[in-house]
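**Q** Compute the structure for the input listed below.
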Amino acid sequence: MCRHAVRRAALGLLALIALLALSAAPATAQAIPTPPEGVIEVPDPDAGGPLGPTAPTAPQAPIGPEISVSVDGELAGEGLSRTVTYVLMLTVAAVAPILLLLMTTFTRFIVVLSLAKNGLGLQTVPPAQVLIGLALFLSMFSMAPTFSQVNEVAIQPMLAGEIETLEAAQAGFEPFREFMLAQTREDDLALFVGMSGGDQPADPSEIAPTTLIPAFVISELRTAFTMGFVVIVPFLVIDLVVAAVLMALGMVMLPPIFVSLPLKLLLFVLVDGWALLSRALVTSVAG
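**A** Sure thing, here's the model as predicted:
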């Protein structure tokens, strides 16, 4: 009994001493100072926080100079504005290939050269690009006087500022009108004049371009097919002769093209066929 009472008394004394020690210990946590009212504190990016130093912010890209494109309006005393001039130039650039095909001898030349290629029996030789280039430069060569006249009466005065753009276009069409009238058959011209439903023009210069150009193209196609027929006939004769000879020899299993093609190429080279074709095409225009 005495031992248990002494043990309980000792435990109670130890508990009392521990409570007195805890109450007498100084506070270790420091209060975080709060900024005064009305003041906003900005954190220092270099200072470390509870999660470590903050990441540096990315530098802002410098703002470059502003770029703007402006087109001046109509200038006093200078005719059309730049915007209208640009539109006209783009339109002419887009229509130029069509004008080249329909208002020059290019149609006649390319048709005749293509028929000659087919008459030889060649499929890929010479390439189509070579024939188109040859027809183009032959057209430029044969129409050099017309181009020179257009340059004198339209292009140079327009560049010098003597005439306006529309006046230059009208003046430049007149040499082409004279050329097309000289190459167009009267029957084709009368056909399109009649289909237009208008009165018969008293002067050829009064014919509208929408009537003259189709008549000129039809005449060029007729002339081209006539010349192509003359070119193809010798090759056709060679094909018939070779086929008849092979038939007579009993070599019906041998295609005639295997024999006629070398003969046609040899004949075309011996007579200098490309030079003859070029001379005939240019002479047909000059005549």
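
**Q** Every contact and neighbour count from this point should use C-alpha atoms.
**A** Noted.

**Q** what comes up buried for the particular helix or strand that has L189 in it?
**A** Under the criterion DSSP states H and E, the helix or strand holding L189 is helix 186-196. Of the residues in helix 186-196, D188, L189, F192, V193 count as buried by neighbour count, 16 or more other C-alpha atoms under 10 Å.

**Q** Quick one: mean pLDDT for that helix?
**A** Per-residue pLDDT over helix 186-196 has a mean of 85.

**Q** Work out the gap between the helix or strand following that helix and the centre of the chain.
**A** Note on helix 186-196: by DSSP H and E, the next helix or strand toward the C-terminus is helix 209-248. Its chain's C-alpha centre and that of helix 209-248 lie 34 Å apart, by C-alpha atoms, centre = their mean, to the nearest Å.

**Q** Remind me what helix 209-248 packs against, helices and strands.
**A** With contacts taken as 3 or more C-alpha pairs under 8 Å, 6 or more residues apart in numbering; DSSP states H and E, helix 209-248 sits against helix 82-102, helix 106-120, helix 165-183, helix 186-196, helix 257-270.

**Q** which helices and strands does the third one pack with?
**A** This points to helix 165-183. Applying 3+ C-alpha pairs under 8 Å, 6+ apart, we find helix 165-183 packed against helix 144-150, helix 156-159, helix 209-248.

**Q** returning to what we had before: pipe the helices and strands packed on helix 209-248 into a markdown table and attach distance to M247 per row.
**A** Compiled in a markdown table, the helices and strands packed on helix 209-248 are given as follows (distance: least, C-alpha to C-alpha, whole Å):
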| stretch | distance to M247 |
| --- | --- |
| helix 82-102 | 45 |
| helix 106-120 | 21 |
| helix 165-183 | 46 |
| helix 186-196 | 45 |
| helix 257-270 | 13 |
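
**Q** Can you say which of those is packed in most?
**A** Comparing the helices and strands packed on helix 209-248 by mean neighbour count (mean count of other C-alpha atoms under 10 Å), helix 106-120 ranks first with a mean of 21.

**Q** Tell me which helix or strand comes right after it.
**A** Scanning onward from helix 106-120 (DSSP H and E), the first element met is helix 128-142.

**Q** and that next one, which residues are buried?
**A** L131, I132, L134, A135, L136, L138, S139, M140, S142.

**Q** Equivalent analysis for stretch 155-167, please.
**A** Of the residues in stretch 155-167, those buried under the neighbour-count criterion (16+ other C-alpha under 10 Å) are I155, P157, M158, I163, T165.

**Q** measure I238 to I257 for me?
**A** Using C-alpha to C-alpha, to the nearest Å, one gets 10 Å for the distance from I238 to I257.

**Q** hmm, back to that, can you redo the helices and strands packed on helix 165-183 as TSV with distance to A96 and mean pLDDT?
**A** What follows is those, written out as TSV (distance: least, C-alpha to C-alpha, whole Å; pLDDT from 0 to 100):
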stretch	distance to A96	mean pLDDT
helix 144-150	14	89
helix 156-159	18	85
helix 209-248	14	90
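
**Q** which residues touch A286?
**A** Each residue near A286 by C-alpha atoms under 8 Å, 6 or more residues apart in numbering is listed here: S142.

**Q** any idea how far A128 is from it?
**A** Using C-alpha to C-alpha, one gets 26 Å for the distance from A286 to A128.

**Q** Equivalent analysis for R279, please.
**A** Distance check for R279 against A128: by C-alpha to C-alpha, it reads 20 Å.

**Q** ok, now L122?
**A** When distance is defined by C-alpha to C-alpha, L122 is 11 Å away from A128.

**Q** swap in V150?
**A** Distance from V150 to A128, by C-alpha to C-alpha: 30 Å.

**Q** do P201 as well
**A** 41 Å.

**Q** And Q156, by the same measure?
**A** Distance check for Q156 against A128: by C-alpha to C-alpha, it reads 35 Å.

**Q** same thing with G250?
**A** On the measure of C-alpha to C-alpha, G250 and A128 end up 37 Å apart.

**Q** before we move on, what about F109?
**A** The spacing between F109 and A128, counted by C-alpha to C-alpha, is 13 Å.

**Q** Format the buried residues of helix 186-196 as TSV; extra columns: distance to G273.
**A** As requested, these are arranged in TSV below (distance: C-alpha to C-alpha, whole Å):
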residue	distance to G273
D188	31
L189	33
F192	36
V193	39
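
**Q** quick one: which of the residues you listed is nearest V233?
**A** D188 (26.5 Å; C-alpha to C-alpha).
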